[in-house]
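**Student:** sequence and predicted structure below; questions after.
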There are 2 protein chains.
Amino acid sequence: MISVWALPGIPEVQSGDDLAALILAALDETPLEDGDVLVVTSKIVSKAEGRIVQAEDREAAITAETVRVVATRPRADGGMTRIVQNRLGIVGAAAGVDASNTAFGTVLLLPLDPDASARHLARALRAATGAEIGVIVSDTLGRPWRDGQTDIAIGAAGVHVFDRLSGEVDSAGRPLVVTLPCIADELAAAGDLVKGKLSGCPVAVVRGMGRIVGRLELPGAASIVRDAAKDMFRLGADEAYRMGIEVGRAQARTDEEEI
Amino acid sequence: MISVWALPGIPEVQSGDDLAALILAALDETPLEDGDVLVVTSKIVSKAEGRIVQAEDREAAITAETVRVVATRPRADGGMTRIVQNRLGIVGAAAGVDASNTAFGTVLLLPLDPDASARHLARALRAATGAEIGVIVSDTLGRPWRDGQTDIAIGAAGVHVFDRLSGEVDSAGRPLVVTLPCIADELAAAGDLVKGKLSGCPVAVVRGMGRIVGRLELPGAASIVRDAAKDMFRLGADEAYRMGIEVGRAQARTDEEEI
């Protein structure tokens, strides 16, 4: 049995705020226990870390956060949807640059290193409470093939992000070779069910997943990101097709010259 | 606050079994309440519906379930990983054909209509218990850009699969136009945290999400599937690139003939 609840009473986070102190204050009624996992919306981590830029720079901010353009598509409003790989390796729309729930005229960038943010927070909460807890930093992302968004883990500390089932066998004795549940993403999703987008509750506690809590030095959420070279969807279909057309035309010209 | 637990004591499901009866028997100690959502692993739905075929036909079974090939890649074991769109519109590896936790020599196909299966089960459980509950049928899928798998909803009944936030505003008064959390997928993910792949617990109960439970006739999980025509990743990068090369070469030949 697991329980998931949102921490009430976390105030609007400002640049420079001590997130651990805000969370500890909100925990007053229900203290943390060994094995608890906190799911923290990346937005408040970004705010505490002062990752705010002026909104007139939104498109420039997206460009600055972009390492690689994966796919683009014109939007009905005249703008361009940009699916890009950002500094963190994460593929998503707008490089995680966020203009909702921020002050008018500003946008929020993702934390510089969400795994480090998670580790910093987990270490402070472990020290203050004595409880061996884990921390997930979550973000909301769309995905191919399915409408809508789900929350995923962009930072993690003190948790095994995967349930490693390799080496184990199923009920018929066959090895479960390809099954690698991404527990960190599933915890982020469970946290979103209680946090909501409008409720002003940016932190959830998940109790009952102690089996996945461990050392602060475990690999973080960066280890979930697949290498683009290994990814069958490293480029949008239209982008890859257009690249192929250019290459095909060049090949045909070369063939012609050789004849 | 939500609670999620796995139902103990569900026996190995056989073709023709009455799933509602098996679940009701397992519920003996904790009766269902209004607003509960059951997350049911698609595998037991398939087994109850007799969706078992001989394993020597595994590759043929994948081909038969495939509506459209999205991407392929040779595997180290000499086989071919096939990412395909199946009859249900769902894009995933091997068209949902499953050879784990089934009897040796057999594979399991997805339910013919998981939304109908969910509706049938939800109706029977509502009639037997008097509780207004919802049902999610879940499956385990990989995804682009991130390693590992998460559970998603391939069937749903009696629940709003999306939290429709359009028309609502964020804390600064701006409309939340593009936010459409896929609650059904997040519930499937939360269910996987307690069901596990090895524990023989194929059904989870989620309590505390009554706000998303509604009429049995609400749109099911089929409504989550994005139209391929609208999908920037409707084809693998290599497949789109190779298609572009062919078209580019043909274009060059046509240009040549016109000169």
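**Tutor:** Thanks, I have the structure now. Numbering: from 1, shown residues only, chains lettered A, B, ... in the order given.

**Student:** quick check on residue A:96: phi, psi?
**Tutor:** phi 80, psi 10 (degrees, to the nearest 10).

**Student:** and it, how many neighbours?
**Tutor:** Residues contacting residue A:96 under the criterion other Cβ atoms under 10 Å in any protein chain shown number 26. From N, CA and C alone the C-beta is placed, and that goes for glycine too.

**Student:** what sits closest to it if chain neighbours are left out?
**Tutor:** residue A:110 (4.0 Å; Cβ to Cβ, 6 or more residues apart in numbering or on different chains).

**Student:** surely the one you found meets residue A:154?
**Tutor:** Yes - using Cβ atoms under 8 Å, residue A:110 is in contact with residue A:154, at 6.8 Å.

**Student:** what touches both of those two?
**Tutor:** A:42, A:88, A:90, A:96, A:139 (Cβ atoms under 8 Å, 6 or more residues apart in numbering or on different chains).

**Student:** from these, which land in strands?
**Tutor:** residue A:139 (DSSP state E).

**Student:** quick one, strands of the stretch 151-259 of chain A?
**Tutor:** A:203-207 (DSSP state E, counting those that start in this stretch).

**Student:** where does it dip in pLDDT?
**Tutor:** Scanning the stretch 151-259 of chain A for pLDDT under 70 picks out A:165-178, A:197-198.

**Student:** what parts of the stretch 1-150 of chain A come near chain B?
**Tutor:** Contact residues (Cβ under 8 Å from any Cβ of the partner chain) of the stretch 1-150 of chain A with chain B: A:1-5, A:12, A:71, A:73, A:83, A:90-91, A:99-104, A:140, A:143-150.

**Student:** how far away is the spatially most central residue of chain A from chain B?
**Tutor:** Compute the mean C-alpha point of chain A, and by Cα atoms, centre = their mean the closest residue is residue A:154, 2.7 Å away. Separation of residue A:154 from chain B (Cβ to the nearest Cβ, to the nearest Å): 11 Å.

**Student:** for that residue, list the residues it contacts.
**Tutor:** A:42, A:88, A:90, A:96, A:110-111, A:114, A:137-139, A:221.

**Student:** any idea which of those residues has the most stuff around it?
**Tutor:** Highest neighbour count within the contacts of residue A:154: residue A:138, with 32 neighbours (other Cβ under 10 Å).

**Student:** contacting residues for that residue?
**Tutor:** A:39-42, A:151-154, A:188, A:191-192.

**Student:** now it, which residues is it bridged with?
**Tutor:** When bridges are called by DSSP bridges, residue A:138 pairs up with residue A:41, residue A:153.

**Student:** next, find the distance separating it from chain B.
**Tutor:** 11 Å.

**Student:** and for residue A:242?
**Tutor:** When residue A:242 is compared with chain B (using Cβ to the nearest Cβ), they lie 6 Å apart.

**Student:** and if you look at residue A:124?
**Tutor:** Residue A:124 is 25 Å from chain B, by Cβ to the nearest Cβ.

**Student:** residue A:11 too?
**Tutor:** 12 Å.

**Student:** quick one, what contacts the residue nearest to that residue when sequence neighbours are not counted?
**Tutor:** Among residues not flanking residue A:11 along the chain, residue A:22 sits closest, at 6.9 Å (Cβ to Cβ, 6+ apart). Counting by Cβ under 8 Å, 6+ apart, residue A:22 makes contact with A:10-11, A:13.

**Student:** need these in JSON lines with pLDDT, can you?
**Tutor:** Converted to JSON lines, the contacts of residue A:22 look like this (pLDDT from 0 to 100):
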{"residue": "A:10", "pLDDT": "93"}
{"residue": "A:11", "pLDDT": "92"}
{"residue": "A:13", "pLDDT": "93"}
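
**Student:** mark which of those residues are buried, thanks.
**Tutor:** A:10, A:13 (16 or more other Cβ atoms under 10 Å in any protein chain shown).

**Student:** so which of the contacts of residue A:22 comes closest to residue A:32?
**Tutor:** residue A:10 (14.7 Å; Cβ to Cβ).

**Student:** hmm, that closest one is touching residue A:203, no?
**Tutor:** Yes - contact criterion Cβ under 8 Å: residue A:10 and residue A:203 qualify, at 5.9 Å.

**Student:** ok, back up a step: per-residue pLDDT, the residue nearest to residue A:11?
**Tutor:** Model confidence at residue A:22, given as pLDDT, is 96.

**Student:** work out for me the element it sits within.
**Tutor:** helix A:19-26 (DSSP states H and E).

**Student:** mind listing what's buried in that helix?
**Tutor:** Neighbour count says helix A:19-26 has A:19-20, A:22-24, A:26 buried, by 16+ other Cβ under 10 Å.
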